[in-house]
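Undergrad: only geometry, no sequence info:
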């Protein structure tokens with residue numbers, strides 16, 4: 001279903017190639033095990049800071065324009081992202097420009113300049129990014145939820161850091177972090193698209209030859225000590241209240257993860273899900289509403305997010321809580337269960353048609369699990385989920401001792417919210 005070749009180079013660099021002859025595109029993706037869970041609080045946000053700085057010039061292309069113009073000149077898409085557990089750098093281009101894409105990404109990661117003046121300029125850019133982020137409650141409420149769940153530890157810190165922490169990051173910190181985390185043993189290079197595997201392997205080996213062989217670092221474990229519901233209110237005079245309401249779950253290796261995916265889909269995975277139909281369509285309480293799981297190597301949760309009329313917050317929370325309670329008590333009927341599983345399988349198969357989705361799937365599996373789960377296995381496990389599996393995992397996670405809620409809006413009193421979560 002998804003042919004690919006895995007190679008571990010003598011340097012320790014892991015290489016995954018996925019030939020897709022039916023397309024004229026290619027995606028080059030490099031993932032590095034360096035995210036905000038690896039950071040110290042004083043330099044929270046440094047993983048994201050480095051992500052920005054790799055685009056600010058290399059020894060061979062000393063300016064931002066020199067890096068970007070080459071890719072823009074061939075119509076390529078390129079960007080980067082930082083998460084809690086890794087940072088990614090990618091280029092998507094016409095397959096005839098595969099070598100160029102590899103050249104740019106490898107050059108950025110093996111010979112960055114990290115010039116002092118560029119660091120200071122980019123620090124100001126990141127401040128504005130943080131301003132945008134904190135002023136966008138639909139995005140910020142999800143990180144506020146994670147802060148509520150995990151508290152003052154790396155799992156609960158913001159990926160981009162805060163203005164205070166970013167302002168303290170020095171060039172010395174940046175060089176030390178780069179030296180510690182950017183090495184072959186913590187890096188995966190994946191190329192998916194219309195490629196010649198032998199040629200592409202040689203190019204990767206040559207272009208990443210200067211990436212040093214370093215032991216991959218270990219992040220501190222996530223600790224959990226929750227015994228009762230937790231609520232965070234962020235007062236903001238908005239015209240709409242934004243909530244994230246969910247519960248701690250488990251990590252991405254837990255065999256219950258497939259049932260959790262089906263559970264989330266039934267609750268709020270699409271426009272025919274329970275929460276969408278009941279909270280938005282029938283009650284008219286929310287504009288947007290959805291449910292999704294987030295499973296990392298050592299932590300996880302399931303969370304519903306929604307934008308609600310300010311005066312209807314408690315009513316909406318009651319409606320969501322009712323759906324949580326119902327799915328933990330009453331078995332899902334065969335038709336609804338089959339629809340959720342067909343949805344997950346269908347979305348997964350559609351993703352396998354795109355080079356960027358294929359690259360992301362393969363590289364993420366290898367980086368985080370050190371093994372690539374075959375698509376056939378994923379589909380099989382989704383198909384095997386039963387109604388009893390769904391009700392069992394709902395009973396495991398939907399309980400007051402695991403509930404968490406983050407809210408952004410013109411609210412200061414959490415008493416009514418605590419009553420809903422505690423019962």
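TA: Cool, the structure landed. Please read all numbers here as calculations on a predicted model, not as lab measurements.
Undergrad: okay, CA-based contacts and neighbour counts for the rest of this
TA: Fine.
Undergrad: which positions in stretch 252-260 come out as buried?
TA: By neighbour count on 16 or more other Cα atoms under 10 Å, the buried set for stretch 252-260 is 252, 256, 257, 258, 259, 260.
Undergrad: distance of the fifth one relative to residue 6?
TA: Same thing as residue 259. 29 Å (Cα to Cα, to the nearest Å).
Undergrad: what does the second one give?
TA: Between residue 256 and residue 6 the computed distance is 28 Å (Cα to Cα).
Undergrad: residues contacting the residue nearest the centre of the chain?
TA: Central residue of the chain (Cα atoms, centre = their mean): residue 83, 5.5 Å from the mean position. By Cα atoms under 8 Å, 6 or more residues apart in numbering, the contact set of residue 83 is 35, 36, 159.
Undergrad: same question, residue 111
TA: Taking Cα under 8 Å, 6+ apart, one finds 58, 59, 60 in contact with residue 111.
Undergrad: just give the nearest non-adjacent residue to the first one, would you?
TA: In other words, residue 58. Nearest residue to residue 58 in three dimensions, chain neighbours excluded: residue 112, at 4.4 Å (Cα to Cα, 6 or more residues apart in numbering).
Undergrad: quick check: the one you found touching residue 61?
TA: No - in this structure, residue 112 is not within contact of residue 61 by Cα atoms under 8 Å, at 9.2 Å.
Undergrad: mind checking how far the residue nearest to residue 333 when sequence neighbours are not counted is from residue 327?
TA: Among residues not flanking residue 333 along the chain, residue 387 sits closest, at 7.2 Å (Cα to Cα, 6+ apart). Distance, residue 387 to residue 327, by Cα to Cα: 10 Å.
Undergrad: for the nearest residue to residue 196 once chain neighbours are set aside, give me phi and psi.
TA: Spatially, and ignoring its direct neighbours in sequence, residue 196 is nearest to residue 19 (7.4 Å; Cα to Cα, 6+ apart). Residue 19 adopts backbone torsions of phi -70, psi 130, taken as degrees, to the nearest 10.
Undergrad: quick one: residue 143 is in a strand?
TA: No - looking at residue 143 with DSSP: H, G, I helix; E, B strand; the rest coil, it is helix, so not inside a strand.
Undergrad: ok, how many other residues are close to it?
TA: 19 (other Cα atoms under 10 Å).
Undergrad: do I have it right that it meets residue 161?
TA: No - counting by Cα under 8 Å, residue 143 stays clear of residue 161, with 11.1 Å between them.
Undergrad: below-threshold pLDDT in the stretch 151-300 of the chain: ranges please.
TA: Within the stretch 151-300 of the chain, not a single segment meets pLDDT under 70.
Undergrad: can you do 80?
TA: 215-217 (pLDDT under 80).
Undergrad: sorry, back to before: count of residues packed around the residue nearest to residue 196?
TA: Neighbour tally, residue 19, other Cα under 10 Å: 20.
Undergrad: before we move on, what about residue 416?
TA: Neighbour count of residue 416, defined by other Cα under 10 Å: 11.
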